Every structure is written in structure tokens, then in C-alpha cells.
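Make a model of this:
(one chain, ligands or ions: 3)
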Amino acid sequence: MLTAYTADQVRDAERELMARVPEGSLMQIAATGLAAVCARLLPSVYGARVALLVGSGDNGGDALYAGARLAARGARVEAVLAGSRTHEAGLAALLEHGGRIADESALDAADLIVDGLVGIGATGALREPYAALARRAGEADALVVAVDVPSGVDAGTGEVAGAAVRAHVTVTMGACKTGLLVDPGAGFAGALEFVDIGLGPHLPDADTGALTGADVADLLPRPVAESDKYRRGVVGIVAGSESYTGAAVLAVGGALRAGAGMVRYAGTSAPVAQVRAAWPEAVITELDGPDLGGVGRVQAWVLGPGLGTGGFARELAAQVLASDVPVLVDADALTLAAGERALLRRTAPTLITPHAGELSRLIGVPGARIEAARLEHARRAAAELGVTVLLKGSTTVVAEEDRPVRVNRTGTPWLATAGTGDVLAGVAGALLAQGLSCYDAGSCAAYVHGVAGRLAADGVPLVTTDVVAAIPEAIRSLG
Ligand SMILES: NC(=O)C1=CN([C@@H]2O[C@H](COP(=O)(O)OP(=O)(O)OC[C@H]3O[C@@H](n4cnc5c(N)ncnc54)[C@H](O)[C@@H]3O)[C@@H](O)[C@H]2O)[C@@H](O)CC1
Ligand SMILES: Nc1ncnc2c1ncn2[C@@H]1O[C@H](COP(=O)(O)OP(=O)(O)O)[C@@H](O)[C@H]1O
Ligand SMILES: [K+]
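Ligands and ions are numbered 1, 2, ... in the order given. Okay, here's the model as predicted:
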């Protein structure tokens, strides 16, 4: 599990640790690690042109000491001092090893830019001249390495309120910061490198976490000798309609490929015909009216993809949501719930899987604001609605009250194509039926779905049926 922390959590831990170690030693460890990453990125340190963006705090101090180390190895290091103050000892070290102070034109000629404008001490949007320097760094041809966090990205939330440095690599000190995992901030951070400064024992419970492949492999249920199809988990799927038949096929496919013992599909004649043709494994109930009485027992339901929002759909949604088993609520069922919140008041666990637009309707916040502050709104929806929230998008976040938010980064923008959400719903529903909690089912499903998306795309456009087909390989790749 990769764990991440807010700026306040890291600062408190640093304070505790600093009281036990010689003054300045943590910064030396941080700068040594930073310089090592920079050296690795450069074809040759000797003769390389390095520009340091130096703010007034310790983030600038890290950059200056790292710059001093690179200068000592023959790099031409120039420091652009942006703040009203500068870390004095760091600057002295740089000058001593042959670095010099320069104006911002140093950025244009640099092979490598080190962003030490602000780190976890930042408040609000970047002010001038920092903002202009961040923009100019973005226009330069150089490799950009951010110190701790890309300046302009909120370390605790990933929000970006104005200009921000777009880094190729972020070297984060002591502990990963939440803002490096969650978009839009994650998109500015590039590849993450971690420098251990010994903070581990002083850190509190994580603010956020990201499952690794090994974590997902451990969590995914596997059949044992005593397994039978019922005990492995029966998932019921109420999806698709006369107008939207594909959603049913995709959700059923996702559920089957994710290892459900049995998938029971219930729908009207058109989606039933498609599901029957695509998935002979599914057990099908063709509905004449809005009554799920004949479907049989299930351990979890998937409700909503392509279902429609009329009276028939509403009736089915009400029956599923009145059940005493976990329910995954997606797509049209979320629209129904937005108009009738009482539908989500249940005693059994509920996992909702909105994209920003659907969450917008549920909590009455504009979609753009949700995209800009994904963590805040996923958490808020979980608290307000009393459900587990899987908020889809470029980084998927899974929020449940009183638990660290799980962030998934395995996806690819190629997944932004119609129907991939239906597959995700099927996968997560199958995991719920196999006994995983909403929290684990949502985060494992997002992980596997993201890997399947990458395997299916492999640099070229994917169609959603490719994602379904790639699920076995995605699960196999977990190790
Ligand atoms: N204290 C330590 O021992 C260690 C500190 N570390 C480094 O220190 C950093 C934190 O240092 P600081 O607490 O000094 O804070 P920062 O260096 O992150 O930033 C604080 C400074 O930036 C200015 N500032 C804040 N918000 C701004 C904005 N929006 N626009 C322009 N200027 C702004 C403030 O006026 C202040 O002078 C970490 O991110 C990390 O890089 C690491 O070296 C690990 C060890
Ligand atoms: N830019 C992106 N990068 C990575 N994944 C994305 C991106 N945009 C969308 N996705 C993923 O693609 C899927 C789209 O689901 P959804 O919006 O419900 O579409 P649909 O309703 O057409 O199935 C989700 O799993 C989402 O996380
Ligand atoms: K920085």
C-alpha cells in the first residue's frame, strides 16, 4: 500500500523528528536524495546546465543544497532567487561549490530545472513572481524536477488554484503527499521519487492510500476446494433497457470476468436478447413488468447502467435498493437517486459509482468544482449520503467515512470512452457478491479495470469490449 499524507500531518511528524536529530540534518538527507535523482536524470552531471527556482522557505533550501552537490560534480548551476528571503546556509553552500545567482533567463538555457519555489509551506495560489516563474519553467525545454511537491499544487488535496509547475519528476521528502496522487495535482507531479528521511515512525494514520498490485492480489477472492458457484458469489444485474442494450452486455461481462460464481441478469426483451447472445454463462430473467420477484437470491446487486430513468426503471431501482444485500448504484440509478434521495437510505452497504456529472446532480455542486476538488467532494458525498463513493475520472477515488480515501492511478485516458463505466460496475459488483466490502470492492475494481484499460489500449484507442477481454490478463498480472 502506498500511503500519503496531508501537509499538516507531514509537518507535525517532521517537528517530532527534528527534535531528536541534529539541526539541519534532515534537509541534508533530503538534498542528497534530490541531487541523486537529478544526477540520474542527466546524461552527464559534468557540464550540465541546472537552473534552481528558489523560494524563501526550506523548499528553496533543499534546492540550493542539492544544487551545491551538483555544482561540486561539475554542473553549471544557476539559482533564480524568487523570494524576499533566501535560505542563507543553502545559498552559501551553492556559491562555495561554484554555483551562482542568475536571473530568470537561466531557465531558457537549462538542461534541468529544479523547482524549489514552495513545498508543504505553501498557502493558496502561487503569488508573483512565483507564478510567472512557474509558467516560464513550463515553456522551457528542460527536464523539470519538483522538490517535494510541484509548486502551485496543494500538497494536501491536489487542487491547483492558479499557475503551477509541471514536473517530469517529483522528489517527495519523508512521505508521499496526498496532492501527488489526486488529479489535477497528480498530473503536474510526473513520476514520483521518494526520499526517506526517517519520518515513518512519526507519521499518523494515512490520509489517503493507493493499493499496489500485490495488495489487490491479496484482497481478490480465490476459489478453494470447498467452493461452489453459490458460495463464490451470485451477483444480480439490473441494467440496460430497450434503448440501451450495450450497457447490460458490458456490465454482465465485467461481472463474469471478475470471478462471480454466477451472474443473474434481469431485463426486458431487447437487452435480454443481447446478453443471451454475448454471454451464455449468464442466468437470465426476462421481465414482463417491473418485478424482480422471480430473479432468485443474489449476494449483491449492480443497478443502473443503461437502465433509463422512467417509471419502470424507478420501480426496479426501488426493489433492488430495498434489499438487504450490498448494492452498487451507477449511471441512471444515480440520476433516479438524485431526484429521490430516500432511495439511498438503506441498512445494507451501498457503493455509488458516479462520474463528476452524476455526483454533481447528487450533491448539488457544479461538476467543474468537483473535478477541481475531487477528494473534498467524494468525502463530502460519502458523509452526506452515508454510502461508499467511488468517484470516477482520471484518478478514481474511493471515499468512505472515517477511512483513508483510496486513490487509483492504474487507468489511462483511453478509458474515457462510452461503456467503460458499465464494465467497472460489473467488476465491482462481482467483488461485492464475493464478500468484499464496498471500500475494497470499489478500490480493487478500479485497479483491475485501470490495468485492463492499459492492456487493452497499449497506446492505441480501445473499445470497451477490449477492456472486458483484458480483465483476465489484468488479474494475472497482479502477481
Ligand atoms: N524542515 C525540515 O527539516 C525539512 C524540510 N523540508 C523541505 O521544507 C519544505 C517546507 O519548508 P517551509 O515550511 O519553509 O515552507 P516552503 O518552503 O514550502 O514555503 C514557505 C515559504 O513560501 C512562501 N509562500 C507560501 N505560500 C506561497 C504562495 N502561494 N506564493 C508564494 N510564496 C508563498 C512563504 O512566504 C514562505 O516563505 C518541504 O516542502 C521540504 O521541501 C525537507 O527538506 C525535509 C526536512
Ligand atoms: N481521463 C481519464 N483517465 C483515466 N480514466 C478515465 C478518464 N476518464 C474516464 N476514465 C475512466 O473511464 C470510465 C468511464 O466511466 P463512465 O464515465 O461511467 O462512462 P460510461 O458511462 O460511458 O461507461 C471510468 O472508469 C473512469 O474512471
Ligand atoms: K516545489
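
All the helices of the stretch 251-400 of the chain, residue numbers only.
Assigned by DSSP state H, counting those that start in this stretch, the helices in the stretch 251-400 of the chain fall at 269-278, 311-321, 331-339, 356-363, 367-372, 374-385.

Kindly reformat the ones you listed as a markdown table containing mean pLDDT, mean neighbour count and distance to residue 49.
No exception for glycine: its C-beta is placed from N, CA and C like everyone else's. A markdown table is the format used below for the helices of the stretch 251-400 of the chain (pLDDT from 0 to 100; neighbours: other CB atoms under 10 Å; distance: least, CB to CB, whole Å):
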| stretch | mean pLDDT | mean neighbour count | distance to residue 49 |
| --- | --- | --- | --- |
| helix 269-278 | 98 | 18 | 58 |
| helix 311-321 | 98 | 19 | 62 |
| helix 331-339 | 98 | 23 | 52 |
| helix 356-363 | 98 | 20 | 42 |
| helix 367-372 | 96 | 16 | 36 |
| helix 374-385 | 98 | 21 | 37 |
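
show me what contacts the closest residue to ligand 2 within the chain?
Residue nearest to ligand 2 within the chain (CB to the nearest ligand atom): residue 421, separated by 2.1 Å. By CB atoms under 8 Å, 6 or more residues apart in numbering, the contact set of residue 421 is 305, 330-331, 353, 355, 392.

now, which of those residues lie close to ligand 2?
Filtering those for neighbours of ligand 2 using CB under 6 Å from any ligand atom leaves 331, 355, 392.

how much space between the last one and residue 442?
In other words, residue 392. 10 Å (CB to CB, to the nearest Å).

The two: who's more crowded?
residue 442 (31 against 25; other CB atoms under 10 Å).

And that one, which helix or strand is it part of?
Assignment of secondary structure by DSSP states H and E places residue 442 within helix 438-457.

and the following helix or strand past that helix, how far from the chain's centre?
Moving toward the C-terminus from helix 438-457, the next helix or strand (DSSP H and E) is helix 464-476. Helix 464-476 sits 20 Å away from the centroid of its parent chain (CA atoms, centre = their mean, to the nearest Å).

quick one on the thing from earlier: name the residues contacting each of residue 392 and residue 442.
residue 353.

re the thing from before, put together TSV for the ones next to ligand 2 among the contacts of residue 421, with distance to ligand 3 on each row.
Listed next are the ones next to ligand 2 among the contacts of residue 421 as TSV, based on distance: CB to the ion, whole Å:
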residue	distance to ligand 3
331	40
355	31
392	29
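
would you turn the residues you listed into a markdown table with distance to residue 110?
Formatted as a markdown table, the ones next to ligand 2 among the contacts of residue 421 follow (distance: CB to CB, whole Å):
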| residue | distance to residue 110 |
| --- | --- |
| 331 | 48 |
| 355 | 39 |
| 392 | 38 |
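
which parts of this structure sit against ligand 1?
Applying CB under 6 Å from any ligand atom, we find that the chain lies next to ligand 1 at 14, 18, 26-27, 30, 55-60, 62, 83, 118-127, 130, 147-148, 173-174, 197.

Could I get the contacting residues of the residue of the chain positioned farthest from its centre?
The outermost residue of the chain relative to its centre, with distances by CA atoms, centre = their mean, is residue 96 at 42.6 Å. Counting by CB under 8 Å, 6+ apart, residue 96 touches residue 68.

Which pLDDT value goes with the closest residue to residue 177 other than its chain neighbours?
Distance criterion CB to CB, 6 or more residues apart in numbering; nearest residue to residue 177, sequence neighbours excluded, is residue 155 at 4.2 Å. Looking at residue 155, its pLDDT is 98.

so residue 155 touches residue 149, yeah?
Yes: in this structure residue 155 lies within contact range of residue 149 using CB atoms under 8 Å: 4.5 Å.

between those two, what contacts are shared?
In contact with both residue 155 and residue 149: 119-120, 122, 177, 179-180, using CB under 8 Å, 6+ apart.

So the residue farthest from the centre of the chain versus ligand 1, what's the distance?
19 Å (CB to the nearest ligand atom, to the nearest Å).

again, but for residue 347
Using CB to the nearest ligand atom, residue 347 is found at 45 Å from ligand 1.

burial of that residue, as a residue count?
6.

all numbers from here: first residue = 9
Noted, 9 is the first residue going forward, which turns the last one into residue 355.

Show the contacting residues for it.
Counted by CB under 8 Å, 6+ apart, residue 355 has contacts residue 332.

show me the contacts for the nearest residue to residue 408 once chain neighbours are set aside.
Leaving out its chain neighbours, the residue that sits closest to residue 408 by CB to CB, 6+ apart is residue 396, at 4.5 Å. With contact set as CB under 8 Å, 6+ apart, residue 396 has these partners: 357-360, 390, 406-408, 445-447, 450.

Format the residues you listed as a markdown table; extra columns: distance to residue 87.
A markdown table is the format used below for those (distance: CB to CB, whole Å):
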| residue | distance to residue 87 |
| --- | --- |
| 357 | 55 |
| 358 | 54 |
| 359 | 50 |
| 360 | 50 |
| 390 | 45 |
| 406 | 42 |
| 407 | 41 |
| 408 | 45 |
| 445 | 51 |
| 446 | 50 |
| 447 | 46 |
| 450 | 46 |
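
which of those residues lies closest to ligand 1?
residue 407 (25.9 Å).

which SS state does residue 88 fall under?
strand (DSSP: H, G, I helix; E, B strand; the rest coil).

Was I right to think it contacts residue 58?
No: Residue 88 is not in contact with residue 58 according to CB under 8 Å; the separation is 11.2 Å.

of these two, who's got more company?
Just comparing residue 88 and residue 58: by other CB under 10 Å the higher neighbour count belongs to residue 58, 28 against 24.

pretty sure that one contacts residue 119?
Yes: using CB under 8 Å, residue 58 is in contact with residue 119, at 6.9 Å.

Next one: residue 357 from residue 392, what distance?
Separation of residue 357 from residue 392 (CB to CB): 17 Å.
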